[in-house]
Structures are given as structure tokens and as C-alpha cells.
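Trainee: Next come a sequence and a model predicted from it.
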Amino acid sequence: MNARPPPLPRATPWRALPCPRAELRLDLALSGGQTFRWSETNPGYWTGVLAGRVWTLTQSEEQLWYTLHEEEKEEVSKDEDSLSEPPLKKGRRQLHSETGRAGVSGERIQDGLDPSQILQDYFQLHVNLSALYQGWSYTDGHFRNIAVKFPGVRVLRQDPVECLFSFICTSNNHLSRITNMIQHLCQSFGRRLCQLDTKTYHAFPSLQAMAGKDKFARLRELGFGYRARFISESARAVLKTLGGAAGLQHLRTVSYEQARHALCTLPGVGAKVADCVCLMALDKAQAVPVDTHIWQVAKRYYGQELGMGARSVTERVHREIGNFFRSLWGPYAGWAQAVLFCADLKKYESPDPDAKSRCAKLTQSSPSVLT
DNA sequence: TGCGCGCCTTGAGG
DNA sequence: ACCTCAAGGCGCG
């Protein structure tokens, strides 16, 4: 079953890189709450924007297949702000090389950077996930139970700008609405890339495009609520005080504590969002984002004393849970958290025969429980 | 200084 | 129709 998938119109021929399914499950990695920009356009086929190009991905037992869609002619979208850097001429595209690894900018793909390198970088295929799963399973019985059903959950190495502003949108919000909001953000402020069927694809907006003067009002109109201010003001703050996109990228080379502290100076960024960005864009594998969900999991499976007395995830709870999981899972604790989070998403809940009987039992006994 | 509480937008789901 | 709650952050006491 390692045959080449059928070709798509106006797209490059399919190519593959070796990647066993145990090392990567596309569905879990791309729709498990890390990124909000991929959709399953056909069963098993995932289409989305990465490094300024539109890709479709699929996988067989041993290989990850990819094709790149043809870009439309240069048409600057209306809202791409005048503050934007001058468009780079083809053939002289921006190159980031802060870390020695391939630098993937969200705005434009670099000519000369092999698409397979972009994918290896994005999926961090140099990390041996099976070995990590083995280690976590050895020290953690609950993880061992989860791991069987949720193999191949990798932490993506995302573009820092896209990751930061996506997770600012997640505050007090739910997955379906987050996905819609980010789609609106890209459609309104991002460069249009192409159209497939009826769906248009846009690059993630530049900092300049989000920082423009009337952007706050536009975002309010688009239904971002109080997050509108966070987005426009954080875009300005990144440009003004953190050195722009390159400055964010540079946080990959500093310590977890330094990166986290820098992010927390931005409006709309607290401990939770900062940890998400540290983990998913800034190479801080030890960062454990703690939300209400992970807190419930922690209390239920790892000890009720975790975050005891609190009614919500306060700074103290965040610290306690994070430190607990780091001591349990080690330097890649954030990667293990991603597996647990994925497993807890409602859409992945398997029809559990025990759940019904538990529920029925609870209902029967509820009068005595409640009184 | 550390901590917890109420508020902020919107809409999906019960 | 009504309510609650959602991958939270922030100002305040």
C-alpha cells in the first residue's frame, strides 16, 4: 500500500519521505489542537498552508506523501497593509538560519529550500517519537493506556508568528470557533495563495498587516471580541519591543524561562499561551501548557492534591502541574502533554461501553448523592 | 509579593 | 428561549 497517490490538478507530482505511521499520525497531529490551518479535504488527505505554500499531505504505512499546489499570479490582497515590507522578488527570498536547522518563515517559502526539508522541519522528524513513547509508558501507567490508542502525536514546529497569534485567539474559546476566527484572520489580512474547489487559501498575515491602524476595528467587526485588542496590540508590541518576526524566531535560541518571560510581556499572553508558543514554535520541549482540561486529567489520574484548593487554573496551579509533569516525563514533557490533550478531545472519544453504564449508574444513584 | 475573584466577547451545544 | 461554557488574560482587592 505504498503506491503513489493519484495526481492532483495544477499541483506538483507526489513525492514521499520515509516516515512510519507509528512516528506520525497526520490526523492527530494536524487536527489535535496544535494548528488550526489544516483540513481533511478528502478522507486521509490533508490540505493546508505551510511556509507560504499550499500543500496536500497523505500517508501510507511507511511514507509521508506530499504535493504542492500551484500559486496564483501575484495579486496583493486589499488588506495587506502598506506597512508591509516590500515584496521580495522571486529568487531572492528571505532566509532565516538562526538555529542551523531550516528556517521556515510563514510569509514566503524560500527557493532553494527543499520541500522535504520543510516537512522534516515542521514535523520534527529527527525526533524519535517511538522511543519517547516507550520511555513515558515505562514510567507512567496512565500514559501507557493512552498511547495504544493515540500513537504518532508529534509536536509541530510552527512558525512563531502564526503560532503566537493563533493561540492568542484560543483564550476562553473553543476549537470550532477558534478555527473559524483564524480563517477569517487569514482571509482578511493574509496574502491570497490559491483556490482549490471552492476554498481559498491565504498566507498567515504578517505582523505589519495585523498592526495597522484600523485593524482593531476590523477585528471587532469580524467577531474577535476582546481578543481584537490583544491581536493588534501584540502585533505592534512584537514589532516595537521584540524585534519583529526575526526577534520572535530568535527566541528559539534562548532559554525556556527567557522566551516565556518575553512572550508574557505581550497583551493577551499569559502563562498558558506562552507555554503553547514555547512548545509548538520555539523548541522548548519541556514547556507544559496547563489548561482546565489538563488540570482535570492531572487531578483524576495523577493525584488529587495537584492544584488543591483552587477553582481555576491560577498561576500556582500552572506551576505545580507543569513541574509535576516535567518530573514525571522528563525534558520532552510537553510532547507527552500533547498526547494526553489529543486523547481528551471530544471528537476522538471512542464509544466506550463502560461510559454508558457508568452514566446510568450515576443517574440511578444521583438522588442520594445530591441530597 | 502572592493569590483568587469577577469581568471580558461570541456562539456552539445542551 | 435560556443557560453554560469554552486550549484564558487582566485588573483589582
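Mentor: That came through, no problem. Because the structure is predicted, anything quoted here is derived from the model rather than measured.

Trainee: So for residue A:139, what's the pLDDT?
Mentor: Looking at residue A:139, its pLDDT reads 96.

Trainee: Count the neighbours of the residue of the stretch 201-350 of chain A found nearest DNA strand B for me.
Mentor: When distances are taken as C-beta to the nearest atom of the strand, the stretch 201-350 of chain A reaches nearest to DNA strand B at residue A:225, 2.8 Å away. Glycine gets a C-beta too; all of them are placed from N, C-alpha and C. Residue crowding around residue A:225 was assessed by other C-beta atoms under 10 Å; the count is 15.

Trainee: One more: residue A:126?
Mentor: Around residue A:126 there are 8 residues (other C-beta under 10 Å).

Trainee: Got phi/psi on the residue nearest to it when sequence neighbours are not counted?
Mentor: Excluding the flanking residues, the one nearest residue A:126 by C-beta to C-beta, 6 or more residues apart in numbering is residue A:120, at 7.1 Å. Listed backbone geometry of residue A:120 is phi -60, psi -40, with angles given as degrees, to the nearest 10.

Trainee: just residue A:57 next, same as before
Mentor: Backbone phi and psi, for residue A:57 under degrees, to the nearest 10, turn out to be phi -120, psi 150.

Trainee: Look up which residues are beta-bridged to it.
Mentor: Beta-bridge pairing of residue A:57, defined through DSSP bridges, involves residue A:46, residue A:66.

Trainee: Let me know how buried the residue nearest to residue A:126 is, in neighbour terms.
Mentor: Close neighbours of residue A:120, defined as other C-beta under 10 Å, add up to 18.

Trainee: same check, this time on residue A:25
Mentor: For residue A:25, the count of nearby residues is 18 (other C-beta under 10 Å).

Trainee: what do you get for the one 3 residues further on?
Mentor: Counted with other C-beta under 10 Å, the burial measure for residue A:28 works out to 21 neighbours.

Trainee: ok, it to DNA strand B distance?
Mentor: Computed with C-beta to the nearest atom of the strand, to the nearest Å, the distance linking residue A:28 and DNA strand B is 20 Å.

Trainee: check contacts around that residue.
Mentor: Listed by C-beta atoms under 8 Å, 6 or more residues apart in numbering, the contact set of residue A:28 reads A:150, A:152-153, A:342, A:348.

Trainee: where does it land in three-state SS?
Mentor: Following DSSP: H, G, I helix; E, B strand; the rest coil, we place residue A:28 in the helix state.

Trainee: Quick check: residue A:321 is in a helix.
Mentor: Yes: if the criterion is three-state DSSP, then residue A:321 is within a helix.

Trainee: before we move on, back to that, how much space between the residue nearest to residue A:126 and residue A:258?
Mentor: When distance is defined by C-beta to C-beta, to the nearest Å, residue A:120 is 27 Å away from residue A:258.

Trainee: Settle this for me: residue A:12 is touching residue A:68, isn't it.
Mentor: Yes: with contact defined as C-beta atoms under 8 Å, residue A:12 reaches residue A:68; the gap is 4.6 Å.
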